[in-house]
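K.L.:
Need the 3D shape of this:
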Amino acid sequence: MTDNQSQNRALSEEELQDLVASSDAGARSPAGAVGLLLAVVAVVWSLFQVLLASPLSNYILPGDIINNSRQVHLAFAIFLAFMAYPAFKSSPRHYIPIADWILALLGAFIAMYGFVFYQKIVDAGGLADDVDKWFALAGLLILFEGARRALGPAMAIIATIFLAYVFFGASDLVPDVIRWKGASLKKAMSHMWITSEGVFGIALGVSTKFVFLFVLFGALLDKAGAGNYFIKMAFGALGHLKGGPAKAAVVGSAATGLISGSSIANVVTTGTFTIPLMKRVGFSSEKAGAVEVASSVNGQIMPPVMGAAAFLMVEYVGISYVEVITHAFLPATISYIALVYIVHLEAVKSNMPVLGNRVVSMGKTIGGMALFFFGFAGLCYGVQYPVGWIVSAMPDASGTVMSLLIFATYVALLWLASSVPDLEPDDPNAEEVELPVVGEIYKSGLYYLLPIIVLVYFLMIEQKSPGLSAFWATMLLFVILLTQRPLKAIFRGESDTANAIKAGVLDLIQGLIDGARNMIGIGLATATAGVIVGTVTLTGVGQVMADLVEFLSGGNLILMLVMVGLLSLILGMGLPTTANYIVVSSLMAGVVVELGAQSGLIVPLIAVHLFVFYFGIMADVTPPVGLASFAAAAVSGGDAIKTGFVAFFYSLRTVALPFVFIFNTDLLLIDVGWAQGILVFITASIAILVFTAGTMGWFLTKSRIYESVALILIAFALFRPDFVMDRIQPPFKIIEPAGFATAVGEASDGQELRIIVSGPDFDTGESKETTLVMPITGDGTEQERLDEFGIMLLEQDGVVKMDEPMFGTPFSDTMSSFDFYADEPVQIVTAKAPSNQMAKEWVFIPALILLGLVALLQRGRARTSREGVPA
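P.N.:
Down below sits the predicted model:
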């Protein structure tokens with residue numbers, strides 16, 4: 001074998017760890033006093049962030065530090081970036097050059113500039129003076145260099161282009177459509193570094209308050225051994241099925257993706273074990289890598305962390321964290337269901353062998369996994385009742401009692417774990433692969449579920465802030481890391497308890513170091529992305545993007561969404577998930593809302609943010625930049641570009657889903673009750689499986705072209721029953737503008753009226769349209785209801801003119817882009833009221849009948865094929 005000479009050779013374990021380190025935690029690990037210093041700084045950063053999130057922070061930390069925590073956060077990130085990441089591949093790895101020491105210390109000082117010179121900046125009204133602007137510029141340049149080292153060149157290049165646009169936006173070289181007046185160095189630096197509009201904006205604040213704790217939680221949970229336990233359980237449950245290693249890779253990556261902020265680390269962590277086993281049962285190098293890429297990248301859309309984007313959505317969309325993960329849950333779940341089905345179809349099409357000699361029915365496996373999932377969810381939900389009894393019985397001592405009960409539960413589960421051997425990582429290249437038996441290994445890690453239950457309980461039941469929830473879960477992990485080894489040693493009657501205690505302390509310290517090093521890139525990404533956000537707020541380029549997309553799409557809604565998806569994909573290339581989301585949402589979310597309203601599509605803001613987020617993370621998959629695909633190819637030895645294309649094909653459902661939930665927000669469980677939610681989940685699951693079968697060309701047997709087309713149409717009908725029903729019965733009846741006021745007075749409680757308003761644009765003077773939705777609530781006269789929305793109408797010569805809505809009323813922001821004082825009036829063009837339409841769910845019946853007919857057609861061919869007769 002000439003692997004070492006091969007262009008597509010698989011990397012060794014050491015090279016893979018170096019790949020992850022260089023992309024996620026820094027490739028440089030100096031020894032001696034300098035290495036100890038780095039470790040101490042990383043531990044101090046982790047402990048500072050834990051203390052900042054704790055309920056005691058106001059009593060322990062000075063107020064100035066809490067108020068300037070973003071500056072402290074960035075100072076740690078910049079210092080560690082220059083310490084941990086070499087400037088170039090040829091730069092030394094085992095010691096730190098003097099230039100990097102200077103950049104690290106200077107960068108950390110300038111990051112703290114707003115803290116050190118706080119009074120001076122306040123006295124100047126928050127504006128930069130001649131000294132401040134040069135420090136700020138130096139800070140930006142150092143930040144960009146740190147981002148280049150930690151994140152690759154893409155982030156730094158994009159931020160530099162945006163910063164150049166701030167200064168040179170008035171140049172003749174800039175196209176007219178995006179030209180602006182430009183800004184002075186002092187104004188730009190004030191905006192970007194001194195105020196909270198740029199680098200120290202919302203994104204860095206979210207990184208400081210929430211993201212760090214969740215990344216640390218994931219690092220500590222992995223250090224405790226949970227990652228290996230999840231993978232073993234996945235292989236024990238699924239490894240013996242046809243294509244089992246691929247199915248286990250999907251489930252294992254979903255479990256690690258829940259707590260991981262990096263698709264690349266996810267690929268390498270689970271891929272080193274899953275990819276060789278996938279190749280062993282018949283997957284090609286490219287397909288094995290693609291399965292791992294698709295499942296690892298999907299981990300970034302899976303609540304509760306979503307690659308840290310969930311916390312940013314809370315700030316950008318203005319809804320609670322619980323609402324964000326509720327809306328994101330269903331699309332992510334059915335996307336994973338479809339991925340399991342994809343690898344099942346690949347295995348069936350190629351008639352792949354199974355691993356091991358155990359025979360277990362797929363029905364029992366799926367039933368067991370469903371039972372575990374619902375049991376775990378029920379446990380998380382049910383915990384609130386005993387907690388409620390304890391709080392009501394002993395309100396003053398409830399915290400102590402619950403802490404003791406959790407510790408007692410932990411000790412009991414740890415005693416159970418000590419009755420079986422500790423899990424050791426398996427060698428996927430061993431001659432004989434012994435798949436773990438779930439019934440034998442499940443005891444060894446049940447206590448790992450406790451921190452997750454605590455996290456989910458505080459987030460979902462108590463509805464505490466994400467930071468506080470992660471703090472309590474992290475505290476439990478501190479206890480687990482410190483005590484699991486010594487307690488197991490005691491339970492097993494072993495005599496080396498002292499060494500076990502020492503090993504536990506070292507595990508905790510290493511977990512704190514890993515958490516801090518994993519946060520370097522995210523901290524720099526959110527800070528650098530702040531420059532892009534600052535550019536949008538300073539220059540108004542967001543409106544320019546909307547005009548550009550509208551011009552290129554010709555006003556066609558579907559084409560506009562396709563273009564926004566492509567732009568999100570391009571903007572996300574080479575960026576980590578968090579930065580990716582900040583960039584695409586800052587530039588693209590407003591575009592979809594504005595142009596959608598002009599086309600009559602009213603989209604909830606969370607749907608828009610999830611739309612651009614889904615397309616942004618696809619940049620990790622798609623060649624030529626797909627970082628996750630390159631990581632998977634490094635593990636599999638396959639061709640990186642081919643791996644990326646196969647992974648993109650496997651991810652088609654991730655591309656299709658955003659278009660579905662933009663038009664059918666039931667998928668995001670928006671305004672959906674329990675009964676309807678269950679129906680949506682069932683039909684959406686069937687739809688995604690049918691769509692997968694249609695695109696894979698295989699259902700019960702190989703599909704003929706007309707069958708594949710029929711399956712895709714069935715999936716569309718199940719996903720978009722409203723589209724079909726609207727063609728049978730129009731959803732709205734048209735009201736003439738002159739009759740709109742009367743319709744408002746006659747509307748019943750709960751009805752939604754829609755009005756299409758036309759008028760001149762405030763900036764360009766050109767005529768444009770937008771759609772307004774008026775949800776009618778309660779009783780009231782025609783005038784009272786109009787006043788409630790701030791609408792003032794004047795009918796003149798058959799035209800219903802609209803005056804500017806009063807400030808603070810529902811439409812004042814939406815209508816602020818219209819010029820109410822131009823010669824051309826702002827007027828109501830059309831009004832619509834809901835018509836008596838049949839329930840859209842009736843469409844499911846013919847769709848399912850058609851699905852049954854396709855199944856009937858294929859069943860006969862499948863039986864004939866099994867009997868050895870050509871189909």
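
K.L.:
count of neighbours near residue 375?
P.N.:
Using other CB atoms under 10 Å, residue 375 has 10 neighbouring residues. Where you see a C-beta, it was placed from the backbone N, CA and C, and this is true even at glycine.

K.L.:
same thing with residue 481?
P.N.:
24.

K.L.:
Residue 763: what's it in contact with?
P.N.:
Applying CB atoms under 8 Å, 6 or more residues apart in numbering, one finds that residue 763 lies in contact with 543, 817.

K.L.:
That one: what secondary structure?
P.N.:
Here residue 763 is recorded as coil under DSSP: H, G, I helix; E, B strand; the rest coil.

K.L.:
pLDDT averaged over stretch 656-664 - what is it?
P.N.:
What stretch 656-664 shows for mean pLDDT is 90.

K.L.:
before we move on, what about stretch 776-787?
P.N.:
83.

K.L.:
Residues touching it, excluding its own?
P.N.:
741-742, 744-745, 747-753, 788, 792-793.

K.L.:
Tell me the buried residues in it?
P.N.:
For stretch 776-787, the neighbour count (16 or more other CB atoms under 10 Å) marks 776, 780, 785, 786 as buried.

K.L.:
ok, those residues vs residue 267, which is closest?
P.N.:
residue 776 (51.0 Å; CB to CB).

K.L.:
contacting residues for residue 36?
P.N.:
The contact partners of residue 36, by CB under 8 Å, 6+ apart, come to none.

K.L.:
Torsion angles phi and psi at it?
P.N.:
Here is the backbone geometry of residue 36 (degrees, to the nearest 10): phi -60, psi -40.

K.L.:
With residue 772 instead?
P.N.:
Main-chain torsions, residue 772, degrees, to the nearest 10: phi -110, psi 140.

K.L.:
burial of it, as a residue count?
P.N.:
21.

K.L.:
Make sure it is actually in contact with residue 740.
P.N.:
No. Judged on CB atoms under 8 Å, residue 772 makes no contact with residue 740 at a distance of 11.2 Å.

K.L.:
so what's in contact with those two at the same time?
P.N.:
Counting by CB under 8 Å, 6+ apart, the residues touching both residue 772 and residue 740 are residue 755.

K.L.:
Let me see the contact set for the one residue sitting closest to the centre of the chain.
P.N.:
The chain has residue 306 as the residue nearest its centroid, 3.1 Å off, counting by CA atoms, centre = their mean. Contact partners of residue 306, counting by CB under 8 Å, 6+ apart, are 300, 313, 325, 328, 577, 613.

K.L.:
how about these in CSV, adding secondary structure and pLDDT?
P.N.:
Listed next are the contacts of residue 306 as CSV, based on DSSP: H, G, I helix; E, B strand; the rest coil; pLDDT from 0 to 100:
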residue, secondary structure, pLDDT
300, helix, 78
313, helix, 87
325, helix, 87
328, helix, 90
577, helix, 72
613, helix, 87
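
K.L.:
With distance to residue 342 and neighbour count added, can I get those in CSV?
P.N.:
Below are those laid out as CSV (distance: CB to CB, whole Å; neighbours: other CB atoms under 10 Å):
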residue, distance to residue 342, neighbour count
300, 18, 29
313, 28, 25
325, 25, 21
328, 21, 26
577, 22, 29
613, 22, 29
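
K.L.:
ok, which stretches of the stretch 151-300 of the chain are helices?
P.N.:
Along the stretch 151-300 of the chain, counting by DSSP state H, counting those that start in this stretch, helices occupy 153-168, 185-189, 202-206, 212-224, 226-238, 244-257, 263-280, 285-298.

K.L.:
TSV please, covering those and showing mean pLDDT, mean neighbour count and distance to residue 409.
P.N.:
TSV is the format used below for the helices of the stretch 151-300 of the chain (pLDDT from 0 to 100; neighbours: other CB atoms under 10 Å; distance: least, CB to CB, whole Å):
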stretch	mean pLDDT	mean neighbour count	distance to residue 409
helix 153-168	87	19	44
helix 185-189	88	19	54
helix 202-206	87	25	32
helix 212-224	87	26	16
helix 226-238	82	24	17
helix 244-257	77	28	21
helix 263-280	77	26	28
helix 285-298	86	30	32
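
K.L.:
Residue 629 is nearest to which of those?
P.N.:
Closest approach to residue 629 among the helices of the stretch 151-300 of the chain (CB to CB): helix 285-298, 5.3 Å.

K.L.:
Okay, and residue 830 sits in which element?
P.N.:
According to DSSP states H and E, residue 830 maps onto strand 827-834.

K.L.:
And the contacts of that strand?
P.N.:
By CB under 8 Å, 6+ apart, strand 827-834 touches 731-737, 739-740, 743, 747, 751-759, 769, 793, 799-802.

K.L.:
filter those residues to the buried ones?
P.N.:
Among the contacts of strand 827-834, those classed as buried by 16+ other CB under 10 Å are 732, 735, 737, 740, 743, 747, 753-759, 793, 800-802.

K.L.:
Looking at those, which are in helices?
P.N.:
The members of the buried ones among the contacts of strand 827-834 that map onto helices under DSSP state H are 740, 743.

K.L.:
which ones among the buried ones among the contacts of strand 827-834 are found in strands?
P.N.:
Judged by DSSP state E, strands contain the following of the buried ones among the contacts of strand 827-834: 732, 735, 753-759, 793, 800-802.

K.L.:
What angle do strand 752-760 and the strand holding residue 830 make with each other?
P.N.:
Here strand 827-834 points in a direction 160 degrees away from that of strand 752-760 (axes from the mean of the first three to the mean of the last three CA atoms, to 10 degrees).

K.L.:
Okay, buried residues for strand 827-834 please.
P.N.:
Quick answer for strand 827-834 (16+ other CB under 10 Å): 827, 828, 830, 831, 832, 833.

K.L.:
And for stretch 683-698?
P.N.:
683-696, 698.

K.L.:
sorry, back to before: take the contacts of residue 306 and write them to a markdown table, including distance to residue 488.
P.N.:
Shown next, in a markdown table, are the contacts of residue 306 (distance: CB to CB, whole Å):
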| residue | distance to residue 488 |
| --- | --- |
| 300 | 34 |
| 313 | 40 |
| 325 | 34 |
| 328 | 37 |
| 577 | 36 |
| 613 | 41 |
